[in-house]
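Participant: the following block contains a protein sequence and its predicted model.
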Amino acid sequence: MARRKPKLAVWKFSSCDGCQLSLLGCEDELLAVVGEVEIAYFLEATRARVKGPYDVSLVEGSVTTPEEVERIQQVRRQSGLLVTIGACATAGGIQALKNVKDVNQFIDAVYAHPEYIETLETSTPIQDHVPVDFELRGCPISKEQLLEVLNATLNGRAPNVPKYSQCIECKRTGTVCVMVSQGQPCLGPVTQAGCGNVCPACERGCFGCFGPKETPNMASLSRRMAELGMERREIKHFYRLFTANADAFREESKGHE
Amino acid sequence: MSKKPAAKKKAAKRTIKVDALARVEGEGALYVRVKGDEIQDVKFRIFEPPRFFEAFLQGRMFSDAPDITARICGICPMAYIMGAGQAMEDALGVTVTGPLRDLRRIAYCGEWIESHVLHAAMLHAPDFLGLDDALLIAKDNPELVGTALRLKKLGNTILEVIGGRAIHPVNFKVGGFYSLPKKRELKALRDELKWGIEASIGIAKAFAGFDFPDFEYDYTCVSLKHPDEYAIHEGRIVSNRGLDIPVNKFFDHFDEEHVEHSNALHGVAKAGGTYLVGPNARYNNNYSQLSKLAKRTAKEAGLGKVCNNPYRSILVRMVETVYACEEALRLIEAYEEPDASCVAVTPKKGAGYGCTEAPRGICLHHYKLDKDGRIQLARILPPTSQNQKQIELDLRGVVAANLDMKDEDLKWRCEQTIRNYDPCISCATHFLKLTVERE
């Protein structure tokens, strides 16, 4: 008897679409993935909509509007496993920069008629609103990690996604440390691995797309970056990028106000 | 249950509703109200939540702008990385030339290939076949979808080799690159690019056989124009109505207005009227600068020197893909590694403009910097904002010409009409709802 294919849904909240695009970016594997799951809801790829419940939901984006606060509850209710994908869904994304300022100033800066705009004062990750089964980091996510999570989920095992730092990844691939050899500021020591150490490989310091690693030593890195000549404001801005609202980065950046 | 009214009884009130438009990047909605034969209202709504990029940039260093603005869009990050980069270079008085300029153009060709093929084959083609998605095309024609995926991958690979990553590449900065791409990896792209030229011609031919809806519009086409090349990442802003201005005069001629039904600002021409940006605008303005092979592909696909049928933009995208593969190949063949990976930049007070041809049309950046190089003002005008009004006009024309269609068919035709634009609603600020009310 043929096994029923698991139903996969892909949901979007406030985001740039880059992470769900990573699924379509699995050019070599896409048709194989589609052979194993039923794409039940994936607006960026198909008009077809199969009703829930869904076995696996991938959620991209952060919560920034009253409508999204409601919608994430509906998504959770219809989903077996809920996997958040990307820096917006797991930390609030670049748009969480508004959390540190008065949102009305922002609206005035971009829109002529602020009264037309409905937005919350904060951009928050999905786990602030509903229980999340697995978080996939990155701005954008790594498609290898996405495939690993799908594969693991379909086969009923835990995904093999490391929580260690970017530094481990650099050492493993033999990438020369840009901080030690060139004195460049680098968030690698406090950032979770997973991108394929793309920045140090380009002779550039990591800027934290995958968010804080487990138990990061923030104070030590800040001190080192100050010794390298970074001003307080520069250090603050360095932590305030795509995962600015992740606890460790947020608190350390506040210490540099 | 009462019997269905006959189609002739147009006074009967009918409502068509689609929860969310598919195969676009973002969240939006369409509202159409028809009374008898009269279209009373057409609104293409965007309610992608606003993300306030211009505001985040205030107070940050000029060097942060390319990476931050890239996050506006995961499909066309180059349009932001390069537009912001060039605007900063304009403000700081530096120019990137020679092999560094060529590398930028090659990378941009990569983005055109990746984005055009994603849209043409995966998002747009299913409409012409009456299918929900490209995966259903793969059931009947796995070879076509396989070719498209390989071609899209080629575009992504170019971005990986030059930019370090396909989505939100990391190797670009104001003044050039953090490091030069490995020459060996760059040269290794040649064979796949040769294949890509033939593959994109093949897809153009396959799509040329589609049944294109009969609709044309006398568009005001706005695009970049460059004296020496089919404009991609540099040029003056021109139109088919005689406009010819440098990029820094853009806001003298165009403006944005904030309308109630959309979270994206609408682009408008100050002289009045709407305008079109994107593949058809570029093709109409710069046809003569396409390569011989791209022109031949266009001709064999049934395109003239001007294309005012928005549905045929799928063919123009494939013609541009042929060109982008050829151009990337040409530049890679000629590439000689420069001594430095970037031009040095020194922070200073100033203002600058940058404009490139994103896959969906011109994307404008303007910044003002203080004496330390901190951003005082940022203004970004993405292509989909500029096309919003024109999309509404197209929809108006399409609905008017097809009032006799059944609701379900008209709904699909409207969706297809919006997809002609490959609208990137994330860029414009996403969730497309379609509501047609008939009174």
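Facilitator: Here it is on my side, so go on.
Participant: only C-alpha atoms for contact and neighbour calcs from this point on.
Facilitator: OK.
Participant: strands of the stretch 301-439 of chain B, residue ranges please.
Facilitator: B:350-358, B:361-369, B:375-381, B:432-438 (DSSP state E, counting those that start in this stretch).
Participant: ok, the second one: who's next to it in the sheet?
Facilitator: Looking back up the chat, that one is strand B:361-369. When pairing is defined by DSSP bridges, strand B:361-369 lines up against strand B:350-358 (antiparallel), strand B:375-381 (antiparallel).
Participant: can you give me the domain boundaries for chain A?
Facilitator: A:7-154, A:166-254 (automatic domain parsing).
Participant: so which of these gets nearest B:Leu303?
Facilitator: domain A:7-154 (27.7 Å; Cα to Cα).
Participant: in the stretch 301-439 of chain B, where is pLDDT below threshold?
Facilitator: B:424-439 (pLDDT under 70).
Participant: out of the strands of the stretch 301-439 of chain B, flag the one nearest A:Leu82.
Facilitator: It's strand B:432-438; of the strands of the stretch 301-439 of chain B, that one is closest to A:Leu82 (Cα to Cα) at 23.5 Å.
Participant: my guess is A:Val50 contacts A:Tyr41. True?
Facilitator: Yes. Assessed by Cα atoms under 8 Å, A:Val50 is found in contact with A:Tyr41 at 6.2 Å.
Participant: more neighbours: those two, which one.
Facilitator: The neighbour comparison of A:Val50 against A:Tyr41 (other Cα atoms under 10 Å in any protein chain shown) goes to A:Tyr41, with 22 against 15.
Participant: now that one: closest residue in space, sequence neighbours ignored.
Facilitator: Of all residues not flanking A:Tyr41 in the chain, A:Ala9 sits nearest, at 4.4 Å (Cα to Cα, 6 or more residues apart in numbering or on different chains).
Participant: looking at chain B, which residue is nearest chain A?
Facilitator: Nearest to chain A in chain B, going by Cα to the nearest Cα, is B:Gly74, at a distance of 3.7 Å.
Participant: give the contact list for that residue.
Facilitator: Neighbouring residues of B:Gly74 by Cα atoms under 8 Å, 6 or more residues apart in numbering or on different chains: A:Cys16, A:Asp17, A:Gly18, A:Cys19, A:Leu21, B:Ile167, B:His168.
Participant: same thing with B:Glu336?
Facilitator: B:Pro99.
Participant: can you give me the helices in the stretch 51-200 of chain A?
Facilitator: A:66-78, A:87-91, A:103-110, A:143-154, A:166-173, A:178-182, A:198-201 (DSSP state H, counting those that start in this stretch).
Participant: which stretch in those has the least confidence?
Facilitator: Across those, helix A:103-110 has the smallest mean pLDDT, namely a mean of 63.
Participant: select, out of the domains of chain A, the one closest to B:Arg33.
Facilitator: domain A:7-154 (22.0 Å).
Participant: for the closest one, how far is the first residue from the last?
Facilitator: 11 Å (Cα to Cα, to the nearest Å).
Participant: could you dump the strands of the stretch 301-439 of chain B to CSV with mean neighbour count?
Facilitator: As requested, the strands of the stretch 301-439 of chain B are exported to CSV (neighbours: other Cα atoms under 10 Å in any protein chain shown):
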stretch, mean neighbour count
strand B:350-358, 26
strand B:361-369, 26
strand B:375-381, 21
strand B:432-438, 22
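Participant: B:Asp228: how many residues sit nearby?
Facilitator: 8.
Participant: now do B:Ala206
Facilitator: For B:Ala206, the neighbour count with other Cα under 10 Å is 13.
Participant: identify each buried residue in the helix or strand that it is a member of, please.
Facilitator: B:Ala206 is located in helix B:190-208, with elements delineated by DSSP states H and E. Neighbour counts over helix B:190-208 (16 or more other Cα atoms under 10 Å in any protein chain shown) mark B:190, B:193, B:196-197, B:199-205, B:207-208 as buried.
Participant: same check, this time on stretch A:54-67
Facilitator: Neighbour-count burial for stretch A:54-67 [16+ other Cα under 10 Å]: A:Tyr54, A:Asp55, A:Val56, A:Ser57, A:Leu58, A:Val59, A:Glu60, A:Gly61, A:Ser62, A:Val63, A:Thr64, A:Thr65.
Participant: is it true that A:Val56 touches A:Val37?
Facilitator: No. At 9.5 Å, A:Val56 and A:Val37 do not qualify as touching, with contact defined as Cα under 8 Å.
Participant: between the two, which contacts overlap?
Facilitator: A:Pro6, A:Lys7, A:Leu8.
Participant: from the residues you listed, which single one is nearest B:Thr157?
Facilitator: For these, the nearest to B:Thr157 is A:Leu8 (27.4 Å; Cα to Cα).
Participant: for that closest one, helix, strand, or coil?
Facilitator: strand (DSSP: H, G, I helix; E, B strand; the rest coil).
Participant: the one 3 residues further on too?
Facilitator: Following three-state DSSP, A:Trp11 is assigned to strand.
Participant: now do the contacts for the residue nearest the centre of chain B.
Facilitator: For chain B, the residue lying nearest the average C-alpha position, counting by Cα atoms, centre = their mean, turns out to be B:Arg360 (1.1 Å). By Cα under 8 Å, 6+ apart, the residues touching B:Arg360 are B:Val277, B:Gly278, B:Pro279, B:Pro383, B:Thr384, B:Tyr421, B:Asp422, B:Pro423, B:Cys424.
Participant: number of residues surrounding whichever residue of chain A sits closest to chain B?
Facilitator: Going by Cα to the nearest Cα, chain B is nearest to A:Gly18 of chain A, at 3.7 Å. When neighbours are counted by other Cα under 10 Å, A:Gly18 registers 28.
Participant: show the pLDDT at it.
Facilitator: pLDDT, A:Gly18: 91.
Participant: again, but for B:Met1
Facilitator: B:Met1 is given a pLDDT of 36.
Participant: before we move on, back to that, can I get the strands paired with strand B:361-369 in a markdown table including distance to A:Gln73?
Facilitator: Below are the strands paired with strand B:361-369 laid out as a markdown table (distance: least, Cα to Cα, whole Å):
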| stretch | distance to A:Gln73 |
| --- | --- |
| strand B:350-358 | 36 |
| strand B:375-381 | 34 |
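Participant: and A:Gly156, which of the ones you listed is closest to it?
Facilitator: For the strands paired with strand B:361-369, the distance to A:Gly156 is smallest for strand B:350-358, at 42.0 Å, taking Cα to Cα.
Participant: need the contact list for the spatially most central residue of chain A.
Facilitator: Compute the mean C-alpha point of chain A, and by Cα atoms, centre = their mean the closest residue is A:Ala87, 1.9 Å away. Counting by Cα under 8 Å, 6+ apart, A:Ala87 touches A:Gly61, A:Gly93, A:Arg137, A:Gly138, A:Cys139, A:Pro140, A:Ile141, A:Cys209, A:Phe210, A:Gly211, A:Phe242, A:Thr243.
Participant: now do the last one against A:Gly205, distance only.
Facilitator: So the one you mean is A:Thr243. Separation of A:Thr243 from A:Gly205 (Cα to Cα) stands at 16 Å.
Participant: next one: the second one
Facilitator: Taking Cα to Cα as the measure, A:Gly93 falls 20 Å from A:Gly205.
Participant: more neighbours: which of those two?
Facilitator: Set A:Gly93 next to A:Gly205 and count neighbours by other Cα under 10 Å: A:Gly93 wins out with 31 against 22.
Participant: check the more buried one and give its pLDDT.
Facilitator: Predicted confidence (pLDDT) for A:Gly93: 95.
Participant: ok, it touching A:Asn245?
Facilitator: Yes. If you go by Cα under 8 Å, A:Gly93 and A:Asn245 touch, sitting 7.4 Å apart.
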